[in-house]
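Trainee: pasting a predicted model and its sequence here:
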Amino acid sequence: MESFIFYPAERFDIVGKQLLKVNKKMYMVDLGLRNHILPRKRYDLGFSVENIVFFELLRRGYQVNIGKHGSTEVDFVAQKQGILTYYQVTADMTAEETFEREMRPLRGIQDNYEKVVLTLDRFSLGNYDGIKVVNVMDWLLE
């Protein structure tokens, strides 16, 4: 197995079921390095959680891509043995506008694969028209 500092996630067209050749997204193994290279005035908890989920999906043996569905983006399209699972990742979904922003891309997907939103908050957990909202800490411990 090879080790890298950056791991790419290619974009995947959900409707056409094909990889897109443009706009890869990069994830860093060491977030401390990222924070040193790109200092920010405000800590980006959402990105850190997304980064953790990306590497956990890889660890669980999934092929991981970024989903593109029309003008919206799904954080991760995880594929294992021909089965897809769609993931949105957010630090907090308690604000109505954040809830709607995270659910919108998943609601637009018309196939029957599992759709999951992973969040740190415990107030919005549940099943919303077939989209599961799960606490990311619980998911990491599965």
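Mentor: Happy to help now that I have it.

Trainee: who touches the helix or strand containing Leu57?
Mentor: Following DSSP states H and E, one finds Leu57 within helix 45-59. Identification of contacts with helix 45-59 by CB atoms under 8 Å, 6 or more residues apart in numbering yields 7, 9, 27-29, 31, 64, 75-76, 78, 87, 89-91, 118, 120, 136, 140. C-beta coordinates here come from the backbone N, C-alpha and C atoms, glycine included.

Trainee: so which residue is dead centre in this protein?
Mentor: The structure's the chain has its C-alpha centroid closest to Asp75; by CA atoms, centre = their mean the separation is 3.4 Å.

Trainee: shouldn't it be in contact with Lys68?
Mentor: No - between Asp75 and Lys68 there is no contact under CB atoms under 8 Å: 11.3 Å.

Trainee: any shared contact partners between those two?
Mentor: If you check Asp75 and Lys68 against CB under 8 Å, 6+ apart, no residue is contacted by both.
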